[in-house]
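Novice: Sequence and predicted structure are below.
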Amino acid sequence: MADAHSPLAQFEIKTIAELQPFGIDASFTNASLIMVVVVGLITLFIVAGMNKATIVPGRFQGMVEFFYEFIANLLQENTGPKGKQFFPLVFSLFMFILGCNLIGLFGVFTVTSHIIVTFALALMVITIVTVVGFIRHGGHFLTYFVPQGAPMWLMPLMIPLEVISYLIRPISLSVRLFANMVAGHVMLGVIGTFVVGLGSLFFAFGAIPLAAIPLIFALEVLVALLQAYVFAILTCIYLNDAIHLAH
Amino acid sequence: MELDAAKMIGAGIAALALGGAGIGLGTLFGSYMEGAFRNPEAQSKLKVNPMLAFALIEATGLFGFVIAMIILFG
């Protein structure tokens, strides 16, 4: 699809080790490698930070506790005390997506720029939310799809709409993260080709897009942080819907 | 060849979705500035929610980008 100079070439998946159990292609690719690296780095960050935990945190421990408290507050604000048991889920989702987004900015490979990765994460969230809803409320959870206060004759229209809007959640959740990552990296790639293209005409022309790259890179760092935050906060909001069943 | 040209035009039209994102971001940051100027003490408290809305609004524009990509490469 993409030649070596295309802005899309950076998203290419390369197989590192062939693995085909039962005819299914489960090869170890550069995407899997980056995921392993991200999980390793996060584990190292947290374990090394909390290794010698003291009551008055040092710098390193303070960094770890910052992330912990950030997610704990987010969960507390959005789901209340009942949502506390979902802290590990939200925290690991947030840290994983944040790690993938940030490591992608170093020009290695962005795992979250592949829709299948984000879609798998979003589908997991929605499955957990649905299961939690059914465990907490049983068949009563289905009243979630019946809007309160709407007149009876509108129900044939409103209930399918509610069901569709519930089922569309994994798609919007995954496409949001995926599109942000792809668009940002494509934009950096396109402006990078502008530098070369204009610079080959006259080298000073290349300076204009070159000056734009740090600004766009800063925007991409912001987007990488924000998208991890948005994914975490939407997970909290969906969990809140399932736990409290308030419509 | 005509199919290729039509694809290009379609992808270009799909990029119009960014216009809506632009209007949304303008409204968002406009009202944030208004609120911040009216009540400068609350400015730091008001900082988080516009950022969340920024990400959500930007995503709607990027759905158009995805459509353009599907048209071009799908």
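Specialist: Looks like it arrived, so ask away. Numbers count the residues shown, from 1 in each chain, chains lettered A, B, ... in the order given.
Novice: element containing the residue nearest to residue B:15 when sequence neighbours are not counted, please.
Specialist: Computed as CB to CB, 6 or more residues apart in numbering or on different chains, the closest residue to residue B:15 that is not its neighbour in sequence is residue B:68, at 5.8 Å. To be clear about C-beta, it is placed using only N, CA and C from the backbone, and glycine gets the same treatment. Using DSSP states H and E, residue B:68 sits in helix B:48-73.
Novice: Rounded mean pLDDT for that helix, please.
Specialist: Averaged over helix B:48-73, pLDDT sits at 84.
Novice: Show me what counts as buried in it.
Specialist: For helix B:48-73, the neighbour count (16 or more other CB atoms under 10 Å in any protein chain shown) marks B:50-51, B:53-69, B:71 as buried.
Novice: Return the distance of the spatially most central residue of chain A relative to residue A:20.
Specialist: The centre of chain A sits closest to residue A:97, judged by CA atoms, centre = their mean, with a distance of 4.4 Å. Residue A:97 sits 29 Å away from residue A:20, going by CB to CB, to the nearest Å.
Novice: quick one: the residue of chain B positioned farthest from its centre from chain A, how far?
Specialist: Most distant from the centre of chain B: residue B:1, at 32.1 Å, with distances by CA atoms, centre = their mean. Distance, residue B:1 to chain A, by CB to the nearest CB, to the nearest Å: 20 Å.
Novice: ok, now how distant is that residue from residue B:69?
Specialist: Going from residue B:1 to residue B:69 by CB to CB gives 21 Å.
Novice: Direction included, what does the helix or strand bottoming out on mean pLDDT in chain A pair up with?
Specialist: Least confident helix or strand of chain A, by mean pLDDT, DSSP states H and E, is strand A:15-17 with a mean of 76. Neighbouring strands of strand A:15-17 in its sheet, by DSSP bridges, are strand A:28-29 (antiparallel).
Novice: Next, the buried residues of the longest helix along chain A.
Specialist: Using DSSP state H, we find that the single longest helix of chain A is helix A:207-244. Along helix A:207-244, these residues count as buried under the neighbour rule (16+ other CB under 10 Å): A:209-210, A:220, A:223-224, A:226-236, A:238-243.
Novice: and what of stretch A:25-41?
Specialist: By neighbour count on 16+ other CB under 10 Å, the buried set for stretch A:25-41 is A:29, A:31, A:32, A:33, A:34, A:35, A:37, A:38.
Novice: What about the residues you listed, which are in strands?
Specialist: Under the assignment DSSP state E, the buried residues of stretch A:25-41 contribute residue A:29 to strands.
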